[in-house]
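> give me the fold of what follows.
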Amino acid sequence: MIITIPIPPKPQARPRFNSFNKRAYEDSAMTAYKRAVKYHVMAYKPKLIETGPIGVSITFFVYPPKYLLTKKKMAQELANETLYVDKKPDIDNYFKAVTDALEGILYKNDGQIAVVTMQKLYSLNPRTEIEVEGIK
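Residues are numbered from 1 along each chain as shown. Now for the predicted structure:
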């Protein structure tokens with residue numbers, strides 16, 4: 001089953017540090033993003049994969065920058081969602097944010113992830129599509 005998360009992907013932010021009590025904490029915008037991802041996926045009522053290795057296939061659809069929107073030769077590729085993103089942020093930061101949010105919903109622990117296929121594409125409809133399956 002392919003699960004669509006209909007909000008723009010957000011890369012995992014670096015932890016912040018409080019100099020007063022020497023603790024690390026996560027930015028509130030990142031926490032809100034992870035909570036939103038969690039709620040969108042829970043609406044699908046997925047079955048939790050408790051044990052064993054899993055494979056994850058994930059596509060991040062990122063809104064294109066303004067300079068791409070003005071190029072007529074790119075219009076068809078944008079409409080077809082076939083134009084790959086070759087700019088920052090890194091794909092592994094997007095992946096980390098989503099897999100952390102889905103821990104305990106799709107799988108028990110993100111350490112179960114053994115196979116990963118991921119890509120990031122430009123789209124006028126930013127979202128994340130994820131598919132998780134157990135591996136025998």
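
> for the rest of this, base every contact and every neighbour count on C-alpha atoms.
Fine.

> quick one: contacts for the residue nearest in space to the middle of the chain?
In the chain, the C-alpha nearest the mean C-alpha coordinate belongs to Val98, at 4.1 Å (Cα atoms, centre = their mean). Under the criterion of Cα atoms under 8 Å, 6 or more residues apart in numbering, the contact partners of Val98 comprise 34, 37.

> following the host helix or strand of it, which helix or strand comes up?
Taking DSSP states H and E as the criterion, the element that holds Val98 is helix 91-102. Per DSSP H and E, the first helix or strand lying C-terminal to helix 91-102 is strand 113-122.

> who does the helix ranked longest in the chain touch, helix- and strand-wise?
With residue count as the measure and DSSP state H as the assignment, the chain has helix 28-42 as its longest helix. Contact analysis of helix 28-42 by 3 or more Cα pairs under 8 Å, 6 or more residues apart in numbering; DSSP states H and E lists strand 3-5, helix 91-102 as its packing neighbours.

> the longest one to helix 28-42, inter-axis angle?
Here helix 91-102 points in a direction 60 degrees away from that of helix 28-42 (axes from the mean of the first three to the mean of the last three Cα atoms, to 10 degrees).

> what would helix 91-102 look like as CSV? C-alpha coordinates only.
Presented in CSV, the C-alpha positions along helix 91-102 are these (Å, rounded to 0.1, in the frame of the first residue of the first chain):
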residue,chain,number,x,y,z
ILE,A,91,17.8,13.4,0.7
ASP,A,92,18.9,11.6,3.8
ASN,A,93,17.7,14.5,6.0
TYR,A,94,14.2,14.2,4.5
PHE,A,95,14.4,10.4,5.0
LYS,A,96,15.4,10.7,8.7
ALA,A,97,12.5,13.1,9.5
VAL,A,98,9.9,10.8,8.0
THR,A,99,11.3,7.5,9.4
ASP,A,100,11.6,9.0,12.9
ALA,A,101,8.0,10.2,12.7
LEU,A,102,6.7,6.8,11.6
